[in-house]
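Chemist: starting from these lines, generate the structure:
(one chain, ligands or ions: 1)
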Amino acid sequence: MKIVIRRKEYPGREGARERCILRNFELSLGQGETCAVIGPSGIGKSSLLQIVAGLDMDFQGLVSDRPKPVGYLFQASRLLPWLTALQNLEVVLPRSRGGAREWLSRIGLDDAAHLYPSHLSVGMARRIALARALCVEPRLLLLDEPFAALDRDTARQMQALVREEVARLGATLLIATHSWSDVAALVERTVTLGGAPAGIVEDSPVRQRRAGE
Ligand SMILES: Nc1ncnc2c1ncn2[C@@H]1O[C@H](COP(=O)(O)OP(=O)(O)OP(=O)(O)O)[C@@H](O)[C@H]1O
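Modeler: So this is what the prediction gives:
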């Protein structure tokens, strides 16, 4: 997959000039490659993932050879509030394929099957949203701050689940995070965003980065 973003702008508020968020961002990812995009809050990581997913097409540039299907864990969990935890998985996983209950088990939430999102903790909703992204058997997995709301043990379990599924599916993985330690065990490459508008200021294999820390 090739991602080229010459410019990504958002309209300014109340007639103010447009604001350019990302400029001259270029990244090629091979199938099965795992990469983290790291940068501080507000730099443009979520904007980047929305473009990569194909949800935002209002930018100058192109995304080519996007693997399909795409699994996308948004920064906000975005569960459908009128469906239970189980139904939130079934809605992307046809009943004929089964598996929604197994996915609840894998994320340790068997007992939450019939709870609505308003009765779930932030971390529980996060795990269901992660299962929703994984259960479509993605060839491209996009995760936006996936472990931010989880305690350390749960985060480790979810990291193991992501690692296992990405390896099994041969999926390309792109994770947006401000926290390197959250993703260190999952990716072989890191891209650091910097500047305003943001671009890539460092692109390094994980081994080098670890050595340099
Ligand atoms: N729909 C929008 N309209 C206008 N500005 C936006 C919109 N979405 C994001 N922005 C602005 O674009 C910039 C980048 O936002 P984005 O959410 O992509 O950053 P981020 O790196 O993911 O931040 P965080 O880690 O806090 O989520 C911010 O200044 C934000 O205010």
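
Chemist: now the most centrally placed residue in the chain, which residues is it bridged with?
Modeler: Residue closest to the average C-alpha location in the chain (CA atoms, centre = their mean): residue 143, at 1.2 Å. For residue 143, the beta-bridge partners under DSSP bridges are residue 73, residue 175.

Chemist: enumerate every residue touching it.
Modeler: 73, 130, 133, 162, 173-176 (CB atoms under 8 Å, 6 or more residues apart in numbering). For glycine as for every other residue, the C-beta is placed from the backbone atoms N, C-alpha and C.

Chemist: likewise for residue 35?
Modeler: If you count contacts by CB under 8 Å, 6+ apart, residue 35 has them with 27, 29, 173-175, 187-191.

Chemist: now stretch 171-184: buried residues?
Modeler: Neighbour counts over stretch 171-184 (16 or more other CB atoms under 10 Å) mark 171-177, 180, 182-183 as buried.

Chemist: and this protein, which of its residues are near the ligand?
Modeler: 10, 21, 39, 41-47, 75, 178 (CB under 6 Å from any ligand atom).

Chemist: swap in 8 Å and give it another go.
Modeler: When proximity is defined as CB under 8 Å from any ligand atom, the chain approaches the ligand at 10-11, 13, 19, 21, 39-50, 75, 144-145, 176, 178, 193.

Chemist: list just the nearest of the contacts of residue 143 to the ligand.
Modeler: Closest approach between these and the ligand, by CB to the nearest ligand atom: residue 176, at 6.2 Å.

Chemist: so who does the spatially closest residue to that closest one that is not a sequence neighbour touch?
Modeler: Spatial nearest neighbour of residue 176, chain neighbours left out: residue 45 (3.7 Å); criterion: CB to CB, 6 or more residues apart in numbering. Residues near residue 45 by CB under 8 Å, 6+ apart: 37, 39, 144, 176-178, 193.

Chemist: render the CA-only coordinates of the longest helix anywhere in the chain in CSV, please.
Modeler: Ordering each helix of the chain by length in residues (DSSP state H) puts helix 152-169 first. Provided in CSV are the C-alpha atoms of helix 152-169 (Å, rounded to 0.1, in the frame of the first residue of the first chain):
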residue,chain,number,x,y,z
ARG,A,152,-1.7,-2.9,32.1
ASP,A,153,-2.7,-6.6,32.3
THR,A,154,-5.7,-6.1,30.0
ALA,A,155,-3.6,-4.0,27.6
ARG,A,156,-1.0,-6.9,27.5
GLN,A,157,-3.8,-9.4,26.7
MET,A,158,-5.2,-7.3,24.0
GLN,A,159,-1.7,-6.7,22.5
ALA,A,160,-1.2,-10.5,22.4
LEU,A,161,-4.5,-10.9,20.7
VAL,A,162,-3.6,-8.3,18.1
ARG,A,163,-0.2,-9.8,17.5
GLU,A,164,-1.7,-13.3,17.1
GLU,A,165,-4.4,-12.2,14.6
VAL,A,166,-2.1,-9.9,12.6
ALA,A,167,0.3,-12.8,12.2
ARG,A,168,-2.5,-15.3,11.4
LEU,A,169,-4.1,-13.1,8.7
